[in-house]
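# below is the sequence, then the predicted model.
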Amino acid sequence: RLTFEEVASKKRDKDSEESKEVKKCITVEPHIIPSRGPYLFNEPKKNAIPFTPTQVEAIRAGMQPGLTLVVGPPGTGKTDVAVQIISNLYHNFPTQRTLIVTHSNQALNQLFEKIMALDIDERHLLRLGHGEEALETEKDFSRYGRVNYVLAKRLDLLTEVQRLQESLDVTGDVAYTCETAGHFFLYQVLARWERFISRVRPASGKIVAVKTVKDEFPFHCFFDNAPKPLFKSRTYEEDMEIAEGCFRYIEKIFTQLEEFRAFELLRSGLDRSKYLLVKEAKVIAMTCTHAALKRRELVDLGFKYDNILMEESAQILEIETFIPLLLQNPQDGYSRLKRWIMIGDHHQLPPVIKNMAFQKYSNMEQSLFTRIVRLGVPTVDLDGQGRARPSICNLYNWRYKKLGNLSHVDLWPEYRVANAGFWYDFQLINVEDFNNVGESEPSPYFYQNLAEAEYCVAVFMYMRLLGYPAEKISILTTYNGQKHLIRDVINIRCASNPLIGRPHKVSGMISSFGWKPRVTTVDKYQGQQNDYILLSLVRTKAVGHLRDVRRLVVAMSRARLGLYVFARVSLFKNCFELTPAFSFVDDTGKYQDIVYTNCAFICVVDLDQDVGSK
């Protein structure tokens, strides 16, 4: 019961005080999801994530027509917000179709995996483009994978229809096609249900006995395999809800068969996949690159959608942002698009422009999301991070107006316990020249640093010997050259070690002992996270492209529990743009030099010595 005092007081009403009291009161009742049948597998999948107030505001804004901008710093749950918006649109507007667009296949797969965990029917999900094979699921959500799913599902549903026919003692081959099943539902199933309703609905002024629902229910035999007892026989209302839930289960079988009827008429796989894209799918996901490549084909097919959600909006080029908006022809002279939700973080990496003239003079690296935010369009700012320890979050939260920590990062044991074998949860390690060599450049812009590569791999081996799982450790670097060097060092140092084994390039492959560490660049790792990050900054002569603070924010925000940075400290401390992060490390005393001995690493504070050889 909500009372709006101010609204009521502004109205001029000559009625009695009692009538005024009634007018200013609004009765609010919670929404109860109707029963879907007696089977446990048919229960709706509920979201167990407790959203913060700002996340709720972002979800509410995404449900409204028009443009919605959501700015999400690292670890604030942008993907969870996006998935919940998609789920809400799917359930509240069943006839509308939603298009999901991201910059990378990896982000699209992460989003899709979370969508699959929610209460969205599989037959309405479609994933277009390459990269679908990287989805960590046995199910195939590509065009032809969905066609095969529909055909297999059709056979399963027709088997259920045959079982229903046998339970009702109806003759004939009603489960032969979707069309015959539709006639069976109309003339046999629906007729029995209407007769049941007429018998159990109470007439005016009369009360129906509780056992009447159970006695008159016509589908007892069909639900013999359901958990017993089917009817609780406690109250009339409860038993009627169970009966209606059972009929909803039966009705859904025939509703799906009616949708699948076109797949009986279309004989070729191509025609079926086109029909699936244009008519059947309700949630369609693709990358912006795929949208640009296939735009003409999609428009010619008559592809339609009502809502568009863009993840990683700050990484999408301005022109790539517009193309997904134009994948359909206008309807009666007007755009059919109702909602445009953009989710991103303009304080992280921008779109990649390899041509320096376009990047600097044309300002093409500014995304449309960033442009709109800078123009002052209202945004919903997520303000609670739940990824990293508060101490690690302090390395990058200075870039945001108000970025706090959720309560669990102070309460959960994994955040409260120290990292075994380390003094600190984050640490800046100064690496001097190795044999008077710091950074090297075998080919233009292919920067490498052998000392940092060896140290990163040695710390990885040290962590593995202490029992850290390899899949919880990622090694990041700011240059491709260093990435390849670290992989070479890992192959040499770890391949012959039976305790560590040779790590594999492909994610998910198992080595002789445990899993591989992920070795990649900071730019490629945006949008991902891991418990422990070993970061190599490579450069010793010039700061390089880490001078872009957005890259530093990405690098510092990938770790949850431990961050260990290997760098030439004197170089990066003198960079004005990086001062807030590096001065914070210096102030907390978590800066150390390294001496390399014959047997181990020894961390010594304020010791100025060169790196020795093994």
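It's in.

# Three-state assignment for the spatially most central residue of the chain, please.
Centroid-nearest residue in the chain, with C-alpha atoms, centre = their mean: Leu111, separated by 2.9 Å. Assigned with DSSP: H, G, I helix; E, B strand; the rest coil, Leu111 falls in the helix class.

# state the number of residues packed around the closest residue to Arg36 other than its chain neighbours.
Using C-beta to C-beta, 6 or more residues apart in numbering and skipping residues adjacent in sequence, the residue nearest Arg36 is Asn42, 4.7 Å away. All C-beta atoms are positioned from the backbone trio N, CA, C, and that covers glycine. Counted with other C-beta atoms under 10 Å, residues neighbouring Asn42 total 13.

# for the one 4 residues further on, same thing?
Other residues lying near Lys46 total 9 when counted by other C-beta under 10 Å.

# secondary structure element for the closest residue in space to Tyr468 that isn't next to it in sequence, which one?
With sequence-adjacent residues excluded and distances taken as C-beta to C-beta, 6+ apart, Tyr468 is closest to Tyr532, at 6.7 Å. Element membership of Tyr532 [criterion: DSSP states H and E] is strand 530-536.

# what does the helix or strand just after that strand contact?
Under the assignment DSSP H and E, the closest C-terminal helix or strand after strand 530-536 is helix 549-556. Contacts with helix 549-556, where a contact means C-beta atoms under 8 Å, 6 or more residues apart in numbering, come from 74, 347-350, 392, 395-396, 399, 476, 478, 522-523, 525-526, 535, 545-546, 563, 577-578, 581.

# any weak-confidence spans in this protein?
1-25, 132-138, 204-205, 498, 500-516, 586-614 (pLDDT under 70).

# just checking, what packs against the longest helix anywhere in it?
For the chain, the helix with the greatest residue count under DSSP state H is helix 236-265. Under the contact criterion of 3 or more C-beta pairs under 8 Å, 6 or more residues apart in numbering; DSSP states H and E, helix 236-265 touches helix 143-168, helix 178-184, helix 190-200, helix 210-216, helix 269-275.

# any idea which of these is most buried?
Comparing those by mean neighbour count (mean count of other C-beta atoms under 10 Å), helix 178-184 ranks first with a mean of 18.

# can you map out the helices along the stretch 501-614 of the chain?
In the stretch 501-614 of the chain, the segments counted as helices under DSSP state H, counting those that start in this stretch are 549-556, 569-573, 579-587.

# how distant is the second one from the center of its chain?
Relative to the mean C-alpha coordinate of its chain, helix 569-573 is positioned 36 Å out (C-alpha atoms, centre = their mean, to the nearest Å).

# so what does it touch, helix or strand wise?
strand 426-430, helix 579-587.

# can I get the ones you listed in TSV including distance to Phe369 and mean neighbour count?
Converted to TSV, those look like this (distance: least, C-beta to C-beta, whole Å; neighbours: other C-beta atoms under 10 Å):
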stretch	distance to Phe369	mean neighbour count
strand 426-430	30	22
helix 579-587	24	16
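
# in JSON lines: those, plus distance to Arg36.
Below are the helices and strands packed on helix 569-573 laid out as JSON lines (distance: least, C-beta to C-beta, whole Å):
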{"stretch": "strand 426-430", "distance to Arg36": "48"}
{"stretch": "helix 579-587", "distance to Arg36": "51"}
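
# any buried residues in the longest helix of the chain, and which?
Along helix 236-265, these residues count as buried under the neighbour rule (16 or more other C-beta atoms under 10 Å): 236, 239-240, 242-247, 249-251, 253-254, 256-257, 259-260, 262-263.

# give me the angle between that helix and helix 190-200.
Calculated by axes from the mean of the first three to the mean of the last three C-alpha atoms, to 10 degrees, helix 236-265 forms an angle of 170 degrees with helix 190-200.

# sorry, back to before: reformat the helices and strands packed on helix 236-265 as TSV; add distance to Arg551.
Output for these, formatted as TSV (distance: least, C-beta to C-beta, whole Å):
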stretch	distance to Arg551
helix 143-168	37
helix 178-184	55
helix 190-200	63
helix 210-216	66
helix 269-275	41
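
# those: which one's closest to Val409?
helix 143-168 (38.7 Å; C-beta to C-beta).

# how far away is Ser367 from Ser313?
7 Å (C-beta to C-beta, to the nearest Å).

# go on, Val554?
16 Å.

# and if you look at Ala495?
Ala495 is 42 Å from Ser313, by C-beta to C-beta.
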